[in-house]
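J.: One predicted model, sequence on top.
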Amino acid sequence: MNFIQISANSTILNLIEENIGAEEFNRIKNKLNKMATEELNLIDGNLVAYTDLTNKFVQQMDKSEILTLPIYEKHKREVIMVDDTNLLSSIEDINKVRYLGFDTESKPVFRRGQPKSKISLMQIATTEKCYIFQMAKITDRDSIGELIENKNLLKIGIGLGEDINKLKNELGYKLNSIVDLSSLFRCFGRKNRIGTKQLVALVLNENIKKSKKMSTSNWATKKLSHSQIIYASDDAFSSVDAYIKLREILLPYKNYMNSKLLKMLDY
C-alpha cells in the first residue's frame, strides 16, 4: 500500500518535492509509508487476536478438558458470616470497593407446586473477602436495602434475574448496578448458558468444584457447614475474579467493542 499516493493530491506532492528535493521527498515518503504499514498490521493483528479470544468464549469447554485444569481454590480467602452484630461494619467495608461478586442462596424446594423459598443467604465478595449475609439473623433490612441499591457498587454474578425479583419482592429494594455475566457472554455471541464451571474454566483456566448435593443443601440452617460456606463463597469469589480478569485481557481491544459491551466492562 502506498500511503502517500492515496492520501494527498498529486499537485501538492509535486510542489513539496520541488521545494525539498527528490531525495529528501522520497526519504520522507518511504518513512511515512513504513509507519502506516506497521500501524495497519498492528490493527489487523489486534483484530485477529480479539476474534480468537471471543471465539474461545462462545465455545463450550469439554468436561474432560476442564478436569485437566488446576483447581480453583480462591475460597481460602477470608469469609465473614454477617448477622446483626457485624452488619454495619461489614457494609462499611463493602462500600469501599467498586467490583463485587454477588449471589444468593435459598432453601431448595423438592415438591412440584410448592412456593419458592425466601432468600436464605446473600453473598457479596470483594477480591479479598466474602461476606455471607444470613438473612434470618438480620433484622436491619433497610441497611441491606441501601447496600443493594447503591449505584456506585457494581454487583457481578451469573443469571441474576431471579435474585433481582426475590430481593424486590421480599425486601422491597431493587438490585442496582449489576453485570450479569450471562448477558456479557451473549455479547460475544455465546448461545449456551454460561455457568460458574464454564466461566472459571474459560476465563481463569481453572476447575472450580461444584457439587449438586451441596447446591441443594439446606441453606436455611442456622449453622452452615464448612462445605456450604466454601460452595457459597466460591460462587461470589469466582464472579468477581472472572470479571476483573476479563477487564484485564479485553482492555487492548476496546476499539472493537460496542457501547453495550463497553458499559458492562466498565471501561
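T.: Done, it's in. Numbering: from 1, shown residues only.

J.: The strand or helix carrying Phe102 - contacts with which helices or strands?
T.: Phe102 is part of strand 99-106, with elements assigned from DSSP states H and E. Using 3 or more C-beta pairs under 8 Å, 6 or more residues apart in numbering; DSSP states H and E as the contact criterion, the neighbours of strand 99-106 among helices and strands are strand 119-125, strand 154-157, helix 161-171, helix 226-250. To be clear about C-beta, it is placed using only N, CA and C from the backbone, and glycine gets the same treatment.

J.: of all the ones you listed, which lies closest to Ile66?
T.: Ile66 lies closest, by C-beta to C-beta, to one member of the helices and strands packed on strand 99-106: helix 226-250, at 13.5 Å.

J.: Can you list the low-confidence ranges for this protein?
T.: Flagging of the chain using pLDDT under 70 yields the residue ranges 1-10, 36-44, 74-75, 110-111, 113-114.

J.: so where do the helices sit in it?
T.: Per DSSP state H, the chain has helices spanning 3-7, 10-20, 22-58, 63-66, 87-94, 141-149, 161-171, 181-187, 196-199, 212-215, 226-250, 259-264. These are given in chain order.

J.: Report the angle between the longest one and helix 10-20.
T.: If I follow you right, that is helix 22-58. Counting by axes from the mean of the first three to the mean of the last three C-alpha atoms, to 10 degrees, helix 22-58 points 130 degrees away from the direction of helix 10-20.

J.: so Gln121 makes contact with Phe133?
T.: One correction, residue 121 is Leu, not Gln. Yes. Between Leu121 and Phe133 there is a contact at 6.5 Å, judged by C-beta atoms under 8 Å.

J.: Show me this structure divided up by domain.
T.: When the chain is parsed with automatic domain parsing, its domains come out as 3-58, 63-264.

J.: tell me the most buried of those domains?
T.: Of all those, domain 63-264 carries the top mean neighbour count, a mean of 17, counting by mean count of other C-beta atoms under 10 Å.

J.: Now the terminal residues of that domain, how far apart.
T.: Domain 63-264 stretches 28 Å from its first residue to its last (C-alpha to C-alpha, to the nearest Å).

J.: Pull the contacting residues for Glu17.
T.: By C-beta atoms under 8 Å, 6 or more residues apart in numbering, the residues touching Glu17 are Phe25.
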